[in-house]
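Colleague: Got a sequence here, can you model it:
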Amino acid sequence: VSDHYAYVADCSNGYHIIDITDPKIPTKLSTTGYDPHDLEVKDNRLYLFDFEMKLLVFDLVNPERPVWKAGFYTEAFALTNQFICLIKPALDKFELTIVDVTDLENPAFAGKLNFQSDNNNHFEVVAYGDYVYCCIRNKLHIIDISTPEDPVETAVFGLRGSFSRGFEADSQFLYVPVYG
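Modeller: Numbers count the residues shown, from 1 in each chain. Predicted coordinates for the structure are as follows:
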C-alpha cells in the first residue's frame, strides 16, 4: 500500500493497482498480464519481479496507466537510495550488480562485486542505507555499497540452521528467520 493505492501481485493474473481512497468501495485502476512473484513501490515507481527472473520498472505518475521504463534479468533484487541491487548466482559465487536508476530513461551501471558462496539454491537479499544483506542458505553476507563503484563485502556471518524467506532490515536490526 502506498498513498491511497494498493498494489497486488497475483501470481497467475498479473498485478493490480487498486484505488483505496474509500476502503468500502475499492476501485481497480489497472491490471497487466505479467506474472509477478514480488513487487515493491518506491518514489512513484513500481518494481515488479516476475517468474521469468525479470525485474520490470514502471513509472506510476498516472497509476491508471503505468508506463514501463526499464527491465533487468536477475534472480533477486533490493532497492536502496537511487540504486537497484541485482543478485545472480554463478557456480560457487554470487554477483552483485548495482544500477543507478535516478534517470529511468538511462539506467547506469554503478558497480559490481563477486563474492564467494558454497551454495546458490536458496537466497534472498535486502538493502538498508549503504548496506546490502544477502542470506545464502546458512550464511549472511554483508556488503557495503557506500561507494557504489567499489562495493566491499564487510562480513560473513554464519547462521545456525538455514534461513527461511522474508528477512528484513531497519536502522538498528536485521531480522532473519531461521529453521533447523
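Colleague: who's Tyr7 bridged to?
Modeller: Going by DSSP bridges, Tyr7 is paired in beta bridges with Ile17.
Colleague: Sketch out the low-pLDDT regions of the protein for me.
Modeller: Under the criterion pLDDT under 70, the flagged ranges of the chain are 118-122, 161-165, 179-180.
Colleague: dump the residue contacts of Val132.
Modeller: With contact set as CB atoms under 8 Å, 6 or more residues apart in numbering, Val132 has these partners: 78, 80, 85, 96, 125-126, 142-143, 145, 151. Placement of C-beta: from N, CA and C, glycine included.
Colleague: how about those residues, which pair is most distant?
Modeller: Taking every pair in those and measuring CB to CB, the maximum separation is 15.2 Å, between Val126 and Pro151.
Colleague: who wins for neighbours among the contacts of Val132?
Modeller: Tallying neighbours with other CB atoms under 10 Å puts Cys85 at the head of the contacts of Val132, with 27 neighbours.
Colleague: Spatially nearest residue to that one (excluding sequence neighbours)?
Modeller: Distances taken as CB to CB, 6 or more residues apart in numbering put Ala78 closest to Cys85, at 4.6 Å, once the chain neighbours are dropped.
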